[in-house]
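Visitor: Have a look at this fold, sequence not included:
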């Protein structure tokens, strides 16, 4: 995927991204399907890859007791 971004091959990147998303049983995010004129597709690609490599985000649930 990184090579696709570096070589400016958007179609190859999108093919790989869609296969990764579908194989995980998730829906394709709208951000990848709409025409993003104001955002570089390379920035979107790097953000997508960063999201794949990060652990799942979980909110910290702290219960505060009344004094």
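Guide: Cool, the structure landed. Not measured: the values here are computed from a predicted model.
Visitor: what does the helix-or-strand element of the chain with minimal mean pLDDT rub up against?
Guide: Sorting the helices and strands of the chain by mean pLDDT, DSSP states H and E puts helix 30-33 at the bottom, at a mean of 77. In this structure, residues lying in contact with helix 30-33 by C-beta atoms under 8 Å, 6 or more residues apart in numbering are 14, 17-18, 44, 48. Any C-beta I mention is one placed from the backbone N, CA and C, and that applies to glycine too.
Visitor: Show me where the chain has its helices.
Guide: In the chain, the helices defined using DSSP state H lie at 2-6, 10-23, 30-33, 41-53.
Visitor: Including distance to residue 59 and mean neighbour count, could these go into TSV?
Guide: Shown next, in TSV, are the helices of the chain (distance: least, C-beta to C-beta, whole Å; neighbours: other C-beta atoms under 10 Å):
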stretch	distance to residue 59	mean neighbour count
helix 2-6	30	13
helix 10-23	24	14
helix 30-33	22	11
helix 41-53	17	14
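Visitor: Least reliable of the ones you listed by average pLDDT, please.
Guide: Per-segment mean pLDDT for the helices of the chain reaches its minimum on helix 30-33, at a mean of 77.
Visitor: who's in contact with the residue most central in space within the chain?
Guide: The centroid of the chain falls nearest to residue 48 when counting by C-alpha atoms, centre = their mean (2.6 Å). Contact analysis of residue 48 by C-beta under 8 Å, 6+ apart lists 1, 17, 32.
Visitor: got the contact list for the second one?
Guide: Residues counted as contacts of residue 17 (C-beta under 8 Å, 6+ apart) are 1, 32, 45, 48.
Visitor: quick check, nearest of these to residue 24?
Guide: The nearest member of these to residue 24, counting by C-beta to C-beta, is residue 48 at 12.7 Å.
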